[in-house]
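Visitor: Provided below are the primary sequence and the corresponding predicted coordinates.
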2 protein chains.
Amino acid sequence: MSTKLVIVGTVALDDVTTPFGSVLRALGGSAFYGGLSASYWTSVGVVGIIGNDYPEEGLNVLKGRSVDIRGIQRSEEKTFGWTGEYTYDMNTAITRETRLNCLLSFNPQVAEHYPRPETLFLANIDPDIQGRILDALPVKPPLIALDTMNYWIESKKDSLLRVLKRVDLLTINESEARMLTGQFNLVLAARTIREMGPKVVVLKKGEHGALVFYEGGIFASPALPLEVVKDPTGAGDSFAGGLLGYLTAHAHLDPEFLKQASIIGSVMASFCVSEFGVEGTRNLSSELISSRLREFGDLTGFRKISYEERRL
Amino acid sequence: MSTKLVIVGTVALDDVTTPFGSVLRALGGSAFYGGLSASYWTSVGVVGIIGNDYPEEGLNVLKGRSVDIRGIQRSEEKTFGWTGEYTYDMNTAITRETRLNCLLSFNPQVAEHYPRPETLFLANIDPDIQGRILDALPVKPPLIALDTMNYWIESKKDSLLRVLKRVDLLTINESEARMLTGQFNLVLAARTIREMGPKVVVLKKGEHGALVFYEGGIFASPALPLEVVKDPTGAGDSFAGGLLGYLTAHAHLDPEFLKQASIIGSVMASFCVSEFGVEGTRNLSSELISSRLREFGDLTGFRKISYEERRL
């Protein structure tokens, strides 16, 4: 099966502490989480870089899900790593340390491996690199999605604005959307971002779900309320993986597919946060996914209400 | 038409400042907002107290919506008042002053006017008074709902716990739910509250909507993302009014009606916050309500997803 969705981002080893425990050198990274999540919905390839200390198990997890890993380069330096902590407020990560290591020499070769992807997801990396990847492609992919973070909004805003003009869909969290636009109101922030380029803006709100802004409407995709959120790391990337995996397999940015895709994003994020690292998403059965999809139907579905026919 | 829903709470004159302006002595209060909102969905009576400075216009607004105001007492003191402010974060009100005034002598006479209401909503007042109202009723109403606030959780927790045992539905915001239960996780907090008495817990999350916890499930009712939120005062009471107005007219706590009712709550809250005071809800046409209901359908409705039939 040819690779339809290509995800460019980090492959990481994360040290994470939450009120429910800690993990050291846990498998992680935006492309890793995104690729794993998307693999349940389409054929996916991951483009990233790993160091000489990266455990074989990480690649085996991806291969076990039939993820194409030809685009993962090996470096002689150490693997990129993140050390972070969450308190009971699981919406906000406290970054303790970022070890760039081999990420400093990351020069992703997308065009070489995947000259014509159906969907390209440029996960959170340097916007100059994101731009160069697009430059090197012989044709524009039908769907280009981008993620970014506060660091790039602050340090490379011009580069970010340039690459934003070239993408179809942006995933961004609340505070980043406010920082990027100077608008506090999220509807106005999303509208401003849509004027910057992306036709679709997916606003990630953590435990409050996501809002999808598209031409002519807004869709509210809830997060599943869970009794135990063990580790929110990777939730946003799992959301994006599910969303884009589904969109790749369908008619791209049609509103009805967008709505379904964002529910699938929420479903995949709900699996992600229920365990540490990738334990929640590495091995999901059809039954488990189908049952979780039904839960989301119950969570948001209601019978049509007619005001005219109300009983007074 | 006999009064089916009775709301006991405050009738107030509020001084409110938001980034979009200020109002002085605006019509407000929990029973006022709740009664106005509910009046679009059922026959409603308001039980409260007003001072000698209360403008006739306030009563006319209620009468204009056919709200029964026989239960509104007149006092020779001044009307209860609240002075509050919102910054751009419209989720949190900053209280500048609370003028209890005539509320100190409030002794609501529910049983006298309404011995057999179908639904009784005890909005946010002293839990001892809430308890005495229940004591005085000859029979338990089919549906009793209650609201409260941090002040009572801190100062009269035992009284609050006693009255909670006697009610069917509690509306409460996130921070109050955490304070009441000592649980940070909202699913666990809601479960703990359900063990305290109410079969249904409606967790209000401001711009993130509401979560309704009932036997066997959770429903996520979104807030409508709005470009302009002028004044959030009364949003929670408008939500409760719409919710209970609809439940009163239907089969009470059936999950399907609960879901519809919470969407109606969100619809009424969306009207409330779009203008200062009660300007957003005092005069709504059928067309406007029907059109807003359709917007909520678009905001959350999605076509069923089958994992087995996905296109890889």
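Guide: Arrived safely. Numbering: from 1, shown residues only, chains lettered A, B, ... in the order given.
Visitor: contacting residues around A:Leu62?
Guide: Neighbouring residues of A:Leu62 by CB atoms under 8 Å, 6 or more residues apart in numbering or on different chains: A:32, A:35-36, A:39, A:46, A:69. Placement of C-beta: from N, CA and C, glycine included.
Visitor: how about the residues of the stretch 51-200 of chain A by chain B?
Guide: By the rule CB under 8 Å from any CB of the partner chain, the part of the stretch 51-200 of chain A lying against chain B is A:88-89, A:184-188, A:191.
Visitor: buried among these? Need that as a selection in ChimeraX.
Guide: A single ChimeraX command selects the buried members of these (16 or more other CB atoms under 10 Å in any protein chain shown):
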select /A:185,186,187,188
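Visitor: TSV for the residues of the stretch 51-200 of chain A next to chain B, including pLDDT and secondary structure?
Guide: As requested, these are arranged in TSV below (pLDDT from 0 to 100; DSSP: H, G, I helix; E, B strand; the rest coil):
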residue	pLDDT	secondary structure
A:Tyr88	85	coil
A:Asp89	83	coil
A:Phe184	93	coil
A:Asn185	94	coil
A:Leu186	96	helix
A:Val187	97	helix
A:Leu188	97	helix
A:Arg191	98	helix
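Visitor: make TSV from the residues of the stretch 51-200 of chain A next to chain B and add distance to A:Thr233 to it.
Guide: Converted to TSV, those look like this (distance: CB to CB, whole Å):
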residue	distance to A:Thr233
A:Tyr88	16
A:Asp89	15
A:Phe184	27
A:Asn185	29
A:Leu186	24
A:Val187	29
A:Leu188	30
A:Arg191	30
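Visitor: nearest to A:Asn173 among the residues of the stretch 51-200 of chain A next to chain B?
Guide: Distance to A:Asn173, by CB to CB, is smallest for A:Leu186 among these, at 10.6 Å.
Visitor: thought that closest one was touching A:Ala210?
Guide: No - A:Leu186 lies out of contact with A:Ala210 (CB atoms under 8 Å); the separation is 11.1 Å.
Visitor: run through the strands of chain A in chain order.
Guide: Using DSSP state E, the strands found in chain A span residues A:5-8, A:12-18, A:21-28, A:44-50, A:72-74, A:81-85, A:94-99, A:119-122, A:143-147, A:169-173, A:200-204, A:210-214, A:217-221.
Visitor: can you say which of those strands is packed in most?
Guide: Stretch with highest mean neighbour count among the strands of chain A: strand A:5-8 (a mean of 30; mean count of other CB atoms under 10 Å in any protein chain shown).
Visitor: strand partners (parallel or antiparallel) of it?
Guide: strand A:44-50 (parallel), strand A:119-122 (parallel) (DSSP bridges).
Visitor: tell me how many other residues crowd the spatially closest residue to A:Ala235 that is not a sequence neighbour.
Guide: The shortest distance from A:Ala235 to any residue other than its chain neighbours is 4.5 Å, reached at A:Ala269 (CB to CB, 6 or more residues apart in numbering or on different chains). A:Ala269 has 33 neighbours, counted by other CB atoms under 10 Å in any protein chain shown.
Visitor: contact partners for A:Ala269?
Guide: Counted by CB under 8 Å, 6+ apart, A:Ala269 has contacts A:223, A:235-236, A:238-239, A:242.
Visitor: one more time with 7 Å
Guide: A:223, A:235, A:238-239 (CB atoms under 7 Å, 6 or more residues apart in numbering or on different chains).
Visitor: in CSV: those, plus neighbour count and pLDDT.
Guide: Formatted as CSV, the contacts of A:Ala269 follow (neighbours: other CB atoms under 10 Å in any protein chain shown; pLDDT from 0 to 100):
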residue, neighbour count, pLDDT
A:Ala223, 23, 97
A:Ala235, 27, 96
A:Ser238, 28, 98
A:Phe239, 29, 98
